[in-house]
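[1] sequence-free structure coming up:
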C-alpha cells in the first residue's frame, strides 16, 4: 500500500462521495446521453455535482469520467477523438470543486465489452485503460478508482494499465450474481477477486453498485479477510423501481447510514454511495460517524 | 449410442470441437437430426441452465456451452430444413433506444441460438421503428428487448406501443430483460414475458410459442 493510503487511513473511515450519473440526470442528462461528455458541454453542472459532495463533507470525490474510454466513446462520432480532453476536464472540474478540501480520485469504468466473446482483445483493453489513466494523471488526479467491474480479467488489465501512472489505486468489483449475490457476473468470489487485484498491484480493493447495502456486509468482510486491508465500499441506494415512469431508489439516506457501523466492523475503511445516492446520504453517513 | 451421450457431455462441458465432431459422425451414420437435437442437445442445454440456476455455472460456462451448441446446429440446420423441420422460432433482439449495453443482450442471443432459434440481432440503441421494420421484414415471431438503464426502460413500452400501432402486436411474443427490469415492470408495460437470466429466456421463449 502506498504512503498516501497509510497516511490517509490514520483517520479512517474515509467518507467518499455518492452517485454522479443519477445526479446529472436530475440536472437534465438525457437517457442514453454519454454523461462524460458533459465535462466539455456542461462543465458547470458537473462542477455542481462535485461541489455538493465536497460541501456535504466527502474527503475523497471521484470524477465524471466513468465511461470516458476509447471503446465507449467510439459510439459517439463527435466525441470519440476527445478521450484525453474529457478525462482531463473531468479531473480539473473535480479538483476545482475540491479546492484542497478533498482528494480527487479519477473514475475508470468497464469497457462495456466482454473479453470472452471476442469483442475486444486484452491488448486493446490495456491500451484503452492506459490512455485514460495517463490523461487523468497528467491532469493531476490524486488517485484512480477502477469501479463497477464484472469481469476480474478486465479489472486486472485495468489495474495493470493504471499502475503505469504510479498513482494510488483502488479497484472495485460488482457482486450481484449467484444465489447469495456474492459472485461477480463471471462467477468469481470476493476472495478470488481480492487476490488477483492485489497481485496486479492495487492498493485497496472494494465493491460498488450491487444489490443494496445489506448485501455488502458479507462481501466487505470477505474482501477484508482476503486482502487484510481496509475495504472501499459504495453501495447503491437499493435496486431501482419505476413508479409512474419515474425511477425511484427506495433506500433513504437514514436507512443507508444505519449500516455504516456494521460496515466498519466488517472492515470498511472508505464508505460512500453508488447509483441513487446523493449528498444527503453523505451528510447522514457523517452524522452516524460523528455519533459513534 | 455411446457417441451421442458424449455429445451431451461435450455441450455441457462447453467443448465445441468434440461436440461438432460427434455430430458430424452421427450424421454420417445416418442418425436422424431431429433425434440428435431433441434427445441429446436440448437436454444438455437444459442441464446447463440447471447448473446456472444452482450456481455451479456462471456466464463463462454458459457462453462456452452455447457456442458448442451453435457449432453443432450449423451442421444440423441444413438437414433439419431439408427434412421440413423449422427453427424453434425467429427472434428479433436488440438493446432499446438510448441504451448502448450489449453484454446481456449478446448472451441471451447466444443462448437462444444455442436453443435452436433463428436470431436476428439488431444491435444496441435500437429505435422502436427499427424493431417494427425488422418484425415486418423478417417475419419474426419473437421480439426480445434488453435495457440496462432505468432511464431507457421506458423505451420498451414505446416499442410495444409501436408494434401495436403497426398492427403487429398479435403476431409476436415480446420478451424483456436486463438488470433493472422486473416481472412487475414487464406486466405493467404489457410484455408477454420476463426472464432474469439468459437460460431462462430460452425456456420462456419456447413456452410462449407453445402456448
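    Noted; the coordinates are in hand. If you're wondering where the values come from, they're calculated on a predicted model, not measured in any experiment.

[2] So which elements touch the lowest-mean-pLDDT helix or strand in chain A?
    Lowest by mean pLDDT, DSSP states H and E among the helices and strands of chain A is strand A:240-243, with a mean of 73. On a contact count with 3 or more CB pairs under 8 Å, 6 or more residues apart in numbering or on different chains; DSSP states H and E, strand A:240-243 meets strand A:246-249. Yep, even glycine has a C-beta here, placed from its N, CA and C like the rest.

[3] and the helix or strand harbouring residue B:6, average pLDDT?
    Secondary structure assigned from DSSP states H and E places residue B:6 in helix B:2-12. Helix B:2-12 shows a mean pLDDT of 90.

[4] chain center to that helix: distance?
    21 Å (CA atoms, centre = their mean, to the nearest Å).

[5] ditto for stretch B:95-108
    Counting by CA atoms, centre = their mean, stretch B:95-108 comes out at 14 Å from the chain centroid.

[6] Contacts for the least confident helix or strand of chain A, please.
    With CB atoms under 8 Å, 6 or more residues apart in numbering or on different chains as the test, strand A:240-243 has contacts from A:247, A:248, A:249, A:250, A:275, A:276, B:150, B:153, B:154, B:180, B:182, B:185.

[7] Neighbouring strands of it in the sheet, and parallel or not?
    According to DSSP bridges, strand A:240-243 forms sheet pairs with strand A:246-249 (antiparallel).

[8] Using neighbour counts, pick out the buried residues of the partner strand.
    A:247, A:249 (16 or more other CB atoms under 10 Å in any protein chain shown).

[9] Give the rounded mean pLDDT of that strand.
    Throughout strand A:246-249, pLDDT has a mean value of 77.

[10] Okay, and the residue in the stretch 51-200 of chain A that chain B sits nearest to sits in which element?
    The nearest approach of the stretch 51-200 of chain A to chain B comes at residue A:187, 2.7 Å away (CB to the nearest CB). Assessed by DSSP H and E, residue A:187 sits outside every helix and strand.

[11] hang on, isn't residue A:46 packed against residue A:93?
    Yes: counting by CB atoms under 8 Å, residue A:46 does reach residue A:93; the two are 5.0 Å apart.

[12] Now for the two: what residues contact both?
    The contact sets of residue A:46 and residue A:93 overlap at A:39, A:64 (CB under 8 Å, 6+ apart).

[13] what about residue B:14, how many neighbours?
    Using other CB atoms under 10 Å in any protein chain shown, residue B:14 is surrounded by 20 other residues.

[14] picking that back up, can you tell me which of the contacts of strand A:240-243 are buried?
    Members of the contacts of strand A:240-243 classed as buried by 16+ other CB under 10 Å are A:247, A:249, A:275, A:276, B:150, B:153, B:154, B:180, B:182, B:185.

[15] Which of the residues you listed fall in strands?
    Judged by DSSP state E, the buried ones among the contacts of strand A:240-243 include A:247, A:249 as members of strands.

[16] Just the closest of the buried ones among the contacts of strand A:240-243 to residue A:36, please.
    Checking these against residue A:36 by CB to CB gives residue A:275 as the nearest, at 15.9 Å.

[17] How far away from the center of its chain is the least confident helix or strand of chain A?
    The answer for strand A:240-243 is 23 Å, by CA atoms, centre = their mean.

[18] Now that strand: buried residues?
    Buried, per 16+ other CB under 10 Å, within strand A:240-243: A:240, A:242.

[19] list the contacts for residue B:176?
    B:144, B:145, B:146, B:147, B:156, B:185, B:186, B:189, B:191, B:193, B:194 are the contacts of residue B:176 under CB under 8 Å, 6+ apart.

[20] Name the SS class of the second one, please.
    Secondary structure of residue B:145, reduced to three states by DSSP: H, G, I helix; E, B strand; the rest coil: strand.

[21] who in chain B is up against chain A?
    Counting by CB under 8 Å from any CB of the partner chain, chain B comes close to chain A at B:54-55, B:57-61, B:63, B:97-103, B:106, B:110, B:124-125, B:149-155, B:179-180, B:182, B:185.

[22] right, and residue B:58 touches residue B:48 too?
    No: using CB under 8 Å, residue B:58 makes no contact with residue B:48, being 11.2 Å away.

[23] higher neighbour count, the two?
    residue B:48 (27 against 18).

[24] you'd agree the more buried one is in a strand?
    No: looking at residue B:48 with three-state DSSP, it is helix, so not inside a strand.

[25] Let me see the contact set for it.
    B:11, B:12, B:57, B:61, B:62, B:65, B:199.

[26] if you set the cut-off to 10 Å instead, what comes out?
    By CB atoms under 10 Å, 6 or more residues apart in numbering or on different chains, the contact set of residue B:48 is B:11-14, B:56-57, B:61-62, B:64-66, B:68-69, B:111, B:114, B:199, B:202.

[27] Over to residue B:106?
    Contacts for residue B:106 were tallied using CB under 10 Å, 6+ apart; they are A:113, A:114, A:117, A:119, B:63, B:93, B:95, B:121, B:123, B:124, B:146, B:198.

[28] can you count the residues close to the second one?
    What that stands for is residue A:114. 24.

[29] For chain B, see how far away the residue in chain A sticking out farthest from the centre is.
    No residue in chain A sits farther from the centre than residue A:244, which is 29.4 Å out by CA atoms, centre = their mean. Distance, residue A:244 to chain B, using CB to the nearest CB, to the nearest Å: 10 Å.

[30] wait, isn't residue B:73 in contact with residue B:41?
    Yes: counting by CB atoms under 10 Å, residue B:73 does reach residue B:41; the two are 7.8 Å apart.
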